[in-house]
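In: please work out how this folds:
(2 chains)
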Amino acid sequence: MATFILQRLSQALFVLLAAALASFVLLRYVGDPVNNMVGQAASLAEREAMRQALGLDQPVILQFAEFLRDAATGDLGVSYRFGIPVSKLLMERLPATLELSVCAMLIATLLGVPLGVWTALHRGNVVSHILLAASLIGVALPTFLIGIVLILVFSVWLGWLPSFGRGTTVALGHSWTTGLLTVSGLKALVLPSLTLGLFQMTLIMRLVRAEMLEVLRTDYIKFARARGLPEATINYDHALRNTLIPVITVIGLQFGNIFAFSIVVETVFQWPGLGLLVIQSIQFADVPLLASYLVLIALGFALINLAVDLLYVAIDPRVRADTLLARTVS
Amino acid sequence: MHDFIRSPVALVAAASTLLIVAAAMGAGLIAPYDSNDPASANVIDARLPPGSSGMTGDYYLLGTDPQGRDMLSAILFGTRMSLMVGASSVLLAALIGIVLGLVCGYFRGLLDAVIMRIADVQLGFPAILIALLIDGITRTVVDRATHDRLAIPVLVVAIAASFWVQYARTVRGLVLVERGKEYVLAAMVTGVSPLRIIASHIRPNVMGSVLVIATINLALAILTEATLSFLGVGVPPTQPSLGSLVRIGNEFLFSGDWWISIGPGAMLVALCLSVNLLADWLRDALNPRLSNG
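Out: Down below sits the predicted model:
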């Protein structure tokens, strides 16, 4: 168990270090940092002074160490485009992305699990065939197209829901803004989170269905039936409970995908989150912002993957850590 | 072949895939207008709905875009671009993956450990994010003119770099099995060079699985290209691809001009769905063991 956690921790650290190195190389070698900071008219002496002030005359290894120390304390440099510290920009945008991602995951889970159970229990049913066919198409539907169709139907044609922005937001504490407490904020959240959650929903639905069918065939379910237990107890208490382990793992892993596709959804709906920021920073060649995003993403994914691994061990007593270890090494 | 004829889904999927591929490859012949020729765009006829006739008597079956380009032609040329980018990146990813997988599986050792660790780490990240970052970072590194020239090769490399892992892992696993079999051992003791064993003894036996992964990946690669182009970091807007066409249409959605984005979007879905169904069938038919790569 300890080896497993240590191995996973070292892997996470390795990822972070690699991302930090990539981000450092970007910052240091894309364009001349001095040129980016001094004016056109700066003299050679002024440039040299700036170079020394920034520590660019130091050996590269020392510069990297300096960069790591700064990054660890939250100093990620100044955005070329906005002229304010990158860490401040990222923190401003983080709540919007997190709210969107969590809502999308909730929609996917709260719809996907019941639909999966229902289609497993009513296998021959016409509706469940239709649902399954629809979920097949759902896999081939690109996220941005779902968003566009939803905007077209619900915003342009019906005019029911807003198609861009977060609506009115309320400040919680000094750094968090939320759109969950106002009517316009909630209305603005509906289409983006539906768009983002739809693919995950079809995935969860198919997974729950497959797992349920598997479990319903086992002996202990047949035995429970033979004992005359109520159908609901068998289906939900005995069967569903045993399908949840893989489902929870997949939900955890899919969180990474949700985060990635939030970039697409934020672009379609002009949602003021991290994804929109990073797409714009690519178009404006805002290197410090891009470099910091790289580190932030690596940190986020390292944490998600670690959490999923630990969760997997924690909730399934059958999975011993050494078998997990064997699986990842081989 | 017998199974193939008995599966109506596979037949329909194969037929529609063939139809789309043929239409895209023959875009130069069957498209009413040449979308790559700026002179074919007629600004007076901009944003006409499907089935309209233009000022100079042109007929636009699927309407026109904001520059007055015929949508039907743009979709055909766009499909060709999407297919080409998708197929090239799948080929490149397969090539990288097969070579690394063969070498790692056969020689093991430090190289194997390092490459497989990188593969493990990369598997934790969504492919689309990796492609986006590679493409986005290249975009900031080189200047605009160079980038426009290199946009498509860069895109292909970015997508390939995010898909190679699956091939490498599968091929490596298969090589580990093949390596212990008599025919390989016999080749070893008779002094056949390792490169020859890898290339002409082991490789033919892993290609079936590679083909299955490649068809599954084709739809994914096309979707990735479309998504990146939609985000504005893929194919440059001057050359139509399905994603960049949807992007153009997105800007005119609020004027009610739905056909500019829905046409290419529908084509994208039809293409991906057909390829996906075909890949599913191929997977079951060729290799029942390989369910999830």
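In: can you list contacts of stretch B:101-116?
Out: With CB atoms under 8 Å, 6 or more residues apart in numbering or on different chains as the test, stretch B:101-116 has contacts from B:100, B:167-176, B:179, B:194, B:197-199, B:202-203, B:206. C-betas here are computed from N, CA, C, even on glycine.
In: from the chain's centre, how far out does that stretch sit?
Out: Centroid separation for stretch B:101-116 versus its chain: 27 Å, with CA atoms, centre = their mean, to the nearest Å.
In: give the buried residues for it.
Out: B:Gly101, B:Leu102, B:Val103, B:Cys104, B:Gly105, B:Tyr106, B:Asp112, B:Ile115, B:Met116 (16 or more other CB atoms under 10 Å in any protein chain shown).
In: any chance of those in TSV, with pLDDT and secondary structure too?
Out: Supplementary listing: the buried residues of stretch B:101-116 in TSV, determined by pLDDT from 0 to 100; DSSP: H, G, I helix; E, B strand; the rest coil:
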residue	pLDDT	secondary structure
B:Gly101	92	helix
B:Leu102	92	helix
B:Val103	91	helix
B:Cys104	91	helix
B:Gly105	89	helix
B:Tyr106	89	helix
B:Asp112	88	helix
B:Ile115	88	helix
B:Met116	86	helix
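In: for these, which one is nearest A:Leu194?
Out: Closest to A:Leu194 out of the buried residues of stretch B:101-116 is B:Met116 (38.7 Å), distances taken as CB to CB.
In: just the buried ones out of the contacts of stretch B:101-116, please.
Out: Buried, going by 16+ other CB under 10 Å: B:100, B:167-172, B:174-176, B:179, B:197-198, B:202-203, B:206, out of these.
In: which residue ranges of the stretch 1-150 of chain B form strands?
Out: Taking DSSP state E, counting those that start in this stretch as the test, the strands found in the stretch 1-150 of chain B are B:52-53, B:59-60.
In: residue contacts, B:Leu253?
Out: By CB under 8 Å, 6+ apart, the residues touching B:Leu253 are A:Ile148, A:Ile151, A:Leu152, A:Val156, B:Ser261.
In: least trustworthy position among those residues, going by pLDDT?
Out: Among these, A:Val156 carries the weakest pLDDT, at 79.
In: tell me the pLDDT of residue 65.
Out: Just so you know, I chose chain A. A:Ala65 carries a pLDDT score of 80 in this model.
In: nope, chain B please
Out: Model confidence at B:Asp65 (pLDDT) stands at 73.
In: so it sits right up against B:Arg247, yeah?
Out: No. Counting by CB atoms under 8 Å, B:Asp65 stays clear of B:Arg247, with 11.0 Å between them.
In: between those two, which one's more packed in?
Out: When B:Asp65 and B:Arg247 are compared for neighbours, B:Asp65 comes out ahead with 28 against 25, by other CB atoms under 10 Å in any protein chain shown.
In: what's the closest non-adjacent residue to that one?
Out: On the basis of CB to CB, 6 or more residues apart in numbering or on different chains, the spatially nearest residue to B:Asp65 that is not a chain neighbour turns out to be B:Ile260, at 5.2 Å.
In: tell me which helix or strand of chain B sits lowest on mean pLDDT?
Out: In chain B, the helix or strand scored least confidently by mean pLDDT, DSSP states H and E is helix B:2-6, which has a mean of 59.
In: contact residues of the stretch 201-330 of chain A facing chain B?
Out: For the stretch 201-330 of chain A, the residues in contact with chain B (CB under 8 Å from any CB of the partner chain) are A:256-257, A:259-261, A:263-264, A:267-268, A:278-279, A:282-283, A:285-287, A:290, A:294, A:297, A:301, A:305, A:328.
In: so of those residues, which ones are in strands?
Out: Per DSSP state E, strands hold no members of those.
In: now the buried members of the residues you listed.
Out: Neighbour-count burial (16+ other CB under 10 Å) applied to these gives A:256-257, A:259-261, A:263-264, A:267-268, A:278-279, A:282, A:285-287, A:290, A:294, A:297, A:301, A:305.
In: which helix of chain A spans the most residues?
Out: For chain A, the helix with the greatest residue count under DSSP state H is helix A:86-121.
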